[in-house]
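Undergrad: coords below, sequence missing:
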């Protein structure tokens, strides 16, 4: 889309927002502060539509709005601020529908975050690197690094991690066979960094279990929880770190890079996403391509 055309589109979209604000002033007699709040909220949406190369409001989908909300969360906006923004968007899209400028509103069923909702805690990438830094060359150290690498690189639940067997790993093809909730099986990509970490700790090929303890028994969920917490403290990370935080972090970093909710949904093995209530199956090869392009540990040597 060339610059001139893009500018024309932005002028048209902005004009519709201006008309809506005028409607709030003349038709609804809203206070000036309320009008300004609506304008600020909708100008944020306008910037978002420009980034997504949307040429008209009818191109805006519920998936786009969920990404918009996700971006607001990553910018540390409160749940109250997000709710107000969504209220402004709903009002604007309803106005377009009522004035026959839009056939239907994609915001009708969009759920607002609860005011007291606790958003997932995540780590930044520098903290991930600190936790992945080997402190010795012992088998136990290599195993711990591999477990953290796999949880982060593959977005695994701790229960999925400890259930892995050696034959669930295909390092040649670069994927894991994961048994998720409800015994649901999925195949998730494994980046180069995770492949190398797994290879370094696989000394005993006679054991069918991938991650074992000193007694060569399957490592427990509690042991992984304690290891993650201890490792984070040893790396100087001040917050309480737990295995599921690595999954939240993986999902956030994947989504921030890909801006693709459907790929993220498949990556995490979710059967549905409440915020979108959309499930679109992705071909594994397509998922692998998105993973290689988007996950920061996919090609780390």
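TA: Received it, and whenever you're ready, just let me know what you need. These numbers come from a predicted model, not from an experiment.
Undergrad: just checking, next helix/strand downstream of the strand or helix carrying residue 16?
TA: Per DSSP states H and E: residue 16 is located in helix 3-26. With elements assigned by DSSP H and E, the helix or strand that comes after helix 3-26 is helix 32-51.
Undergrad: for residue 178, pull up the helix or strand it's in.
TA: In this assignment (DSSP H and E), residue 178 forms part of strand 175-179.
Undergrad: list the neighbouring strands of that strand plus their orientation.
TA: When sheet partners are counted by DSSP bridges, strand 175-179 sits next to strand 169-170 (antiparallel), strand 185-189 (antiparallel).
Undergrad: quick revisit: what angle sits between the helix holding residue 16 and helix 32-51?
TA: With axes from the mean of the first three to the mean of the last three Cα atoms, to 10 degrees applied, the angle from helix 3-26 to helix 32-51 works out at 160 degrees.
Undergrad: please name every helix or strand in contact with helix 3-26.
TA: With contacts defined as 3 or more Cβ pairs under 8 Å, 6 or more residues apart in numbering; DSSP states H and E, the packing partners of helix 3-26 are helix 32-51, helix 79-98. All C-beta atoms are positioned from the backbone trio N, CA, C, and that covers glycine.
Undergrad: how far does it sit from the chain's center?
TA: In terms of Cα atoms, centre = their mean, to the nearest Å, the centre of helix 3-26 is found 31 Å from the chain centre.
Undergrad: low-confidence bits of the stretch 1-150 of the chain, can you list those?
TA: 1-9, 105-120 (pLDDT under 70).
Undergrad: most packed of the helices and strands packed on helix 3-26?
TA: Ranked by mean neighbour count under mean count of other Cβ atoms under 10 Å, the helices and strands packed on helix 3-26 are led by helix 79-98, which reaches a mean of 18.
Undergrad: and that helix, how far out from the chain's middle?
TA: Distance, stretch centre to chain centre, for helix 79-98: 23 Å (Cα atoms, centre = their mean).
Undergrad: cool, stretch 248-260 as well?
TA: 4 Å.
Undergrad: pull out the buried residues from that stretch.
TA: In terms of neighbour count (16 or more other Cβ atoms under 10 Å), stretch 248-260 has its buried residues at 248-255, 257-260.
Undergrad: in this structure residue 187 contacts residue 175, no?
TA: Yes. Counting by Cβ atoms under 8 Å, residue 187 touches residue 175, with 4.9 Å between them.
Undergrad: so for those two, which sits in the more crowded spot?
TA: The neighbour comparison of residue 187 against residue 175 (other Cβ atoms under 10 Å) goes to residue 175, with 21 against 16.
Undergrad: quick check: residue 246 touching residue 123?
TA: Yes. Between residue 246 and residue 123 there is a contact at 7.5 Å, judged by Cβ under 8 Å.
Undergrad: domain ranges for the protein?
TA: Following automatic domain parsing, the chain resolves into domains at 3-98, 125-294.
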